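In: Quick check, what structure comes out for this input:
(chains A, B, C and D)
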There are 2 protein chains.
Amino acid sequence: MSGTETRRGRSGGRRPTSKDVAAAAGVSRSAVSFAFNDPGRISEATRERILGIAQEMGYTPNPLARMLKAGQTQSLGVLLPQALARTMENPYYSRFLMGVGQVCDREGFTLLLTPPVRDSMLKAIPYAGADGFIVCGLETDRGEVTELRRRAVPFVLVDGHPPPDVPNVGVDDRRGAYDVIQHLTQLGHRRIAILSLEPGPDVTEHGYHGPLARRMSGITEALLEAGLTWKDVTLSEVPCTRMDGYRAGRELFVDRSPEERPTALAVMSDVLAIGAVDALRDLGLSVPEDVSVTGFDDLPEVSWMRPRLTTVRQPITTKGSTAADFLISAIRGEDQHPHQRLATTLMVRDSTDQPPR
Amino acid sequence: MSGTETRRGRSGGRRPTSKDVAAAAGVSRSAVSFAFNDPGRISEATRERILGIAQEMGYTPNPLARMLKAGQTQSLGVLLPQALARTMENPYYSRFLMGVGQVCDREGFTLLLTPPVRDSMLKAIPYAGADGFIVCGLETDRGEVTELRRRAVPFVLVDGHPPPDVPNVGVDDRRGAYDVIQHLTQLGHRRIAILSLEPGPDVTEHGYHGPLARRMSGITEALLEAGLTWKDVTLSEVPCTRMDGYRAGRELFVDRSPEERPTALAVMSDVLAIGAVDALRDLGLSVPEDVSVTGFDDLPEVSWMRPRLTTVRQPITTKGSTAADFLISAIRGEDQHPHQRLATTLMVRDSTDQPPR
DNA sequence: CTGAAAGCGCTTACAG
DNA sequence: CTGAAAGCGCTTACAG
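Out: From the prediction side, this is the model:
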C-alpha cells in the first residue's frame, strides 16, 4: 500500500522465491525447480502451469542461491592492478580483455572485473564471485602467489614472475626492449631517453621482477653492446595515460638546448608514446627529423597516427585468450601448470630515423 | 592420497569452510564469522588465534554464501547486446565502461559483464550475480522492458526507448544526426551516402525505436530542409568494426565513375568512419578534397587521425557514469525514475569541405 | 510423476 | 565473551 511496498516495485514486497511459486501453483518447490532445470521429471502439463505462474509472478531462480548450490558461478574473474576507470581508459586492457572475452564467449562464462580493495589485489578475492582469477600486472610478488595457492582458488598469472608450478603467460619483454634499443643505437643514437611505466600498487621496496624488470635487462644489454651505459640515458617512470605521456615528453624537451636534448625517446607503452608525440609536435619538433620515438605494444589505434609509430608488437589479445584458456583448464581441475612465453616483434615504421646532424 | 586430492592442490581435498576453521581453533562457527566481520564481539586473543589458523589453512569466507546471506553482491551488471569479444573490441564500449567504472570505483562495486545468452539479453539475467543491471543497446523493445520490471530487478536503460517510469539515459541522437547532415548540405553536398550501424540481435521486424531510429529522423529533417529526400541518398548498415567500415567504404566508391560517387559520406560511428577513410585512401581518394567524411561519437582515438575527423561528439563516459549513478539509486531503493538526455556537439574539423567541382 | 528433507557456506539475532 | 539454531534460496538424491 505504501512505503516498503512501492519501494520494491508494483509486485509489492520482496522478490518471489520458488516457495511462493510452488504455493501459487499448488506443487512442491522441487517441482518448480524441475520445471526450470529438468523438464523430464514432471509432466508437460504441470511444467507449463508452473512456468506460466512463474512468468506471471516475475519469478526467476535466484542466481546466487543457484551458484552456491552448484559450487560454481560460470564467471571468470580478472584481478586488476588498478581502479576500473583507469583500466578501461587504457586500450591495452581493452585488447587484453577482448582475448579473455573470446574464451568466455566460447565457454559461456561471464566476465567479472575486480579492482584492488584498499590497494590490495588479494583483498578483492573474498568479495568476488568467480570460479577463478586471471591475475594481471603483479609486478612484484610479496607473498601474493603463495597466498593465492594456499587458498586453492584456480588462478593464472599474467606478466608476472611466477614459480614454475603456477600457470602463467607472458611475452618476451627482454627481447622486445632489446630489439628496440638496438634499433635506435644502430641508427646512431647516443642520447636516449627512456620513458617507462610506473609499477603498480603492489610494488614495494623489494624492487620488481615482472615485465618491467625484464625490459630493463634487455635495455641494459643493448646499451652495453653499443658501448653505452645507463649513465648515458635518462629514465622516467609515469602512470600509463596519454596525458602523462604528454607531460613527460614535454618535460624532456622544453627549455633545453638541442645539445642537451635526447635524440631518441624509447617509450615502454604506445599510450604514453602517443602523448609524447603530441607534446613534441606542440613544441614544434618533428618526428623523426628532430627526434625519433618508439613505442611498445602495437595497439591497433597507433596505425591511425602519422607518422606511423615504430613499436614493439606484443600479441595482447592472444595473451588474454591464452590466460583464459589456462584458467578454464585449472577450473576444470586439470592439474597442469602450463607456461607460455609469447614472442614480440619489432615493427619498424616512420617515427624513427638517424639522429639530426 | 591421490587423484581427487592432487586435483584440489596441495592442501588436499576441498576448500576449508568456517566449520573446519572452527574445529581447528576449538571455537564455534559464529566465532569464526565474528573474527572476520565483527571483531568487537570476541576477545582480541581469540580473534588473533582464529585469524592465524584461517590464514594457515588458506580459509577465506566463501563470497557466494556471503552474498546469498546478505542479499547483495556489491556488483554492477552490464547487460551487453553483443558477445564479450565484440564488445571489448569496440572503443565506444571502453569509454562507456570507463564511466560505469568510475562509479563502481567510488562505491566499491565490481563490474560484471554479461553477454546475451542464446541471442537474448534477458536470458542472461538468471545466470548473473549482480545487484542490478545497466541495459545497453536495446534497439527495440519486444517485451524486455515489461519483463525486466516484472522481475523487480533494479535496472536502467541506456539508449533505449523506455516508458516514462523506467530510469534511463541517452543522448540527443536526433539532433546530432541533424547537425551533421545539415553541415554537409550547407557545404553544398547533394549526393550523400549514409553508413549506419546494424541494429543489435534483439531487433525484429517490429523495426527499431532506439538511437538509430532517432538519428534517421534527424537525417530526414535535415535532408528535407535542404530540398533532398531519402531518394537522393544511399543507406548501408554494417556491424560496428573498423573492417566492416573499410569494406563498406570501398564498396561505395570502387568501380564507380566520379559522377556516380557520393561526394560525402556520413558515418554513424567513428570506428566505421576510420575504416572508411582507410578504404578511400587505398583507392587513391583524398579526404576532404575528393570526398568529405563525418563520424559519430568523437572517440578520443580519432584525434590521432589525419585529417582530423569532423564528427558528432556524444559524452559517452558521462553516459556510463550517469547510468551507473541511476542504477545505484535504484539498488538503494530510491524510488525515482530519472531520465537524462545528454546533448551532442558537432565537432567540425578537417575531413569535410565543399564537394569537388 | 511428485514431495519431504538435507545441505551448499555463510551470518546473525537469540540465549546463556 | 561465546555457542546453538535458524535461515538466505536454491537443487537433488531419496522415498513414495
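In: hey, let's count contacts and neighbours off CA atoms from now on
Out: Fine.
In: and the gap between residue A:38 and residue A:30?
Out: 10 Å (CA to CA, to the nearest Å).
In: Over to residue A:181?
Out: As for residue A:181, its distance to residue A:30 is 67 Å (criterion: CA to CA).
In: Of these two, give the one with the bigger neighbour count.
Out: Here residue A:181 and residue A:30 are set side by side on neighbour count (other CA atoms under 10 Å in any protein chain shown), and the busier one is residue A:181, at 26 against 13.
In: In terms of helices and strands, where is the more buried one?
Out: helix A:173-186 (DSSP states H and E).
In: Buried residues, that helix. List them.
Out: A:173-185 (16 or more other CA atoms under 10 Å in any protein chain shown).
In: how far does it sit from the chain's center?
Out: 24 Å (CA atoms, centre = their mean, to the nearest Å).
In: Who are the contact partners of residue A:310?
Out: Listed by CA atoms under 8 Å, 6 or more residues apart in numbering or on different chains, the contact partners of residue A:310 are A:293-295, A:346-352.
In: re the thing from before, run through who's touching the helix holding residue A:181.
Out: Defining contact as CA under 8 Å, 6+ apart, one finds that helix A:173-186 is touched by A:211-212, A:214-223, A:226, A:264, A:266, A:294, A:311-312, A:344-346, A:352.
In: Heading C-terminal from it, find the next helix or strand.
Out: Once the chain leaves helix A:173-186, the next helix or strand it forms, by DSSP H and E, is strand A:192-197.
In: That next one - which strands sit beside it in the sheet, and in what orientation?
Out: With DSSP bridges as the test, strand A:192-197 is paired with strand A:233-238 (parallel), strand A:264-267 (parallel).
In: Would you mind listing the buried residues in the first one?
Out: What it means is strand A:233-238. Buried residues in strand A:233-238 (16+ other CA under 10 Å): A:233, A:237.
In: Now do the helix or strand following that strand and strand A:233-238, the angle between them.
Out: The helix or strand immediately downstream of strand A:233-238 is helix A:242-253, counting by DSSP H and E. Taking axes from the mean of the first three to the mean of the last three CA atoms, to 10 degrees, one finds helix A:242-253 and strand A:233-238 inclined to each other by 150 degrees.
In: for residue A:167, phi and psi?
Out: phi -60, psi 140 (degrees, to the nearest 10).
In: who touches it in this structure?
Out: Counting by CA under 8 Å, 6+ apart, residue A:167 touches A:155-157, A:326, A:336-339.
In: And for it, nearest residue in space, chain neighbours not counted?
Out: What sits nearest to residue A:167 in space, not counting adjacent residues and going by CA to CA, 6 or more residues apart in numbering or on different chains, is residue A:337, at 4.4 Å.
In: repeat for residue A:230
Out: Nearest non-adjacent residue to residue A:230 (CA to CA, 6+ apart): residue A:220, at 7.2 Å.
In: Distance check, residue A:100 against chain B.
Out: 8 Å (CA to the nearest CA, to the nearest Å).
In: what helix or strand is that residue on?
Out: In this structure, residue A:100 sits in helix A:91-107 according to DSSP H and E.
In: quick one, the following helix or strand past that helix and helix B:91-107 angle?
Out: Sequence order places strand A:110-114 as the next helix or strand after helix A:91-107, per DSSP H and E. Here strand A:110-114 points in a direction 50 degrees away from that of helix B:91-107 (the same axes, to 10 degrees).
In: Quick one: mean pLDDT over strand A:110-114.
Out: Across strand A:110-114, the average pLDDT comes to 97.
In: Which elements pack onto that strand?
Out: The contact analysis (3 or more CA pairs under 8 Å, 6 or more residues apart in numbering or on different chains; DSSP states H and E) places strand A:110-114 against strand A:75-79, helix A:91-107, strand B:110-114.
In: and that strand, how far from the chain's centre?
Out: 11 Å.
In: And the pLDDT for residue A:231?
Out: For residue A:231, the predicted pLDDT is 90.
In: and it, how many residues sit next to it?
Out: Neighbours of residue A:231 (other CA under 10 Å): 7.
In: Can you list the buried residues in stretch A:302-321?
Out: For stretch A:302-321, burial by neighbour count (16+ other CA under 10 Å) applies to A:302, A:304-305, A:307, A:309-321.
In: What parts of chain A come near DNA strand C?
Out: Taking CA under 7 Å from any atom of the strand as the contact definition, chain A meets DNA strand C at A:26-31, A:40-43, A:46, A:65, A:68-69, A:71.
In: unless I'm mixing things up, residue A:108 is touching residue A:76, no?
Out: No: assessed by CA atoms under 8 Å, residue A:108 is found out of contact with residue A:76, at 10.0 Å.
In: And the two? Which one has more around it.
Out: Neighbour totals were compared for residue A:108 and residue A:76, and residue A:76 leads with 28 against 17 (other CA under 10 Å).
In: Which residue ranges make up each domain of chain A?
Out: A:4-61, A:75-170+A:317-340, A:173-313 (automatic domain parsing).
In: what's the first-to-last distance across the second one?
Out: Across domain A:75-170+A:317-340, the straight-line distance between its terminal residues is 23 Å, by CA to CA.
In: Same check on stretch A:261-275?
Out: Across stretch A:261-275, first to last residue, CA to CA, it's 18 Å.
In: what's the burial count for residue A:145?
Out: Neighbours of residue A:145 (other CA under 10 Å): 22.
In: Could you export the helices and strands packed on strand A:110-114 as JSON lines, including distance to residue B:234?
Out: Putting the helices and strands packed on strand A:110-114 into JSON lines (distance: least, CA to CA, whole Å) gives the following:
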{"stretch": "strand A:75-79", "distance to residue B:234": "43"}
{"stretch": "helix A:91-107", "distance to residue B:234": "33"}
{"stretch": "strand B:110-114", "distance to residue B:234": "35"}
